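**Student:** Provided below are the primary sequence and the corresponding predicted coordinates.
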Amino acid sequence: MPFAVERFDAREWPSKVLEPIFADAFPSFIGADKVAAAYIDRVRAHFADFDIMLIDETDQPVAWGWGVPIAWNGELADLPTGYADTTKRAVETHDSASMTDTFVICGAIVDRRRARQGIAGAIVAALRDLPAAESLARVIVPVRPTLKSMYPLTAIDTFASWTRSDGLPLDPWLRTHCRIGGRIIATAPQSQVMTGTVDQWEKWTLLKFPSTGEYIIPNGLQPLHIDREENEGTYIEPNVWIRHR
């Protein structure tokens, strides 16, 4: 099924058209990462060429994805710590007019009504093959593994090593990347750090946190730590680094 690729800001879409793509794409607490929040507006302003929609044959959007260019020397030790650090590095590199050599795919979501139609792989491939990305030597992705929330007590290194009988990753999102040529190169145990008050976490998760401790939360990839004395909850999101080029 052929898809057209266009910049997200190429036209204005009615909210009812975009809602099936963006609604419930990520848990509410994802926006509580203060580092990412501090840079996201500048990311959108600086890197619109890397912010795209996938359009089907009926001229309807079916997927959205975006990323940023950074400087990375190709060594694991020089990888960003994850998603939040990637946004920070991209903005700081842009502001200092430094050279970039790596494209980082930061997000990709599909219309939930079009699941299991190969669109997830198509949006990742479209991002990887963007003309602006083609000029960069490497393409990497800090992937949020979709199945990890079912195993919140399992270390991310262990989870990333799990495979099916065909040798592909157990996790479907990791598997999508590997099927189009990606390979796992590292994990990012602290890709994002989300913090908020106890009341905020109760609203985000629809749970109650009566005492200090560790809690399993809906859509959390690992437990949330609640400190009642400090009135703060801290959740650290792990990702898996995949390299495409």
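**Tutor:** Looks like it came in fine. Numbers count the residues shown, from 1 in each chain.
**Student:** Going along the chain, name the helices of the protein.
**Tutor:** Applying DSSP state H to the chain gives helices spanning 15-22, 34-46, 83-95, 119-128, 131-134, 156-161, 172-179, 198-205.
**Student:** Gly121 and Leu147, how far apart?
**Tutor:** 17 Å (C-beta to C-beta, to the nearest Å). Where you see a C-beta, it was placed from the backbone N, CA and C, and this is true even at glycine.
**Student:** what helices or strands is the biggest strand by length in the chain leaning on?
**Tutor:** Of all the segments assigned as strand in the chain under DSSP state E, the longest by residue count is strand 183-196. Applying 3 or more C-beta pairs under 8 Å, 6 or more residues apart in numbering; DSSP states H and E, we find strand 183-196 packed against helix 34-46, helix 83-95, strand 138-143, helix 156-161, strand 232-243.
**Student:** check contacts around the residue nearest the centre of the chain.
**Tutor:** For the chain, the residue sitting closest to the mean C-alpha position, by C-alpha atoms, centre = their mean, is Gly107 at 4.1 Å. Contacts here follow C-beta atoms under 8 Å, 6 or more residues apart in numbering; on that basis Gly107 touches Trp64, Gly65, Trp66, Gly67.
**Student:** Closest one of those to Ile185?
**Tutor:** Gly67 (16.6 Å; C-beta to C-beta).
**Student:** Starting from Glu6, give me the distance back to Glu230.
**Tutor:** Look at Glu230 and Glu6: by C-beta to C-beta, they are 46 Å apart.
**Student:** My error: substitute Phe209 in the last question.
**Tutor:** Distance, Phe209 to Glu6, using C-beta to C-beta: 44 Å.
**Student:** Deepest-packed of the helices and strands packed on strand 183-196, please.
**Tutor:** Neighbour counts (mean count of other C-beta atoms under 10 Å) averaged over each of the helices and strands packed on strand 183-196 peak at strand 138-143, with a mean of 24.
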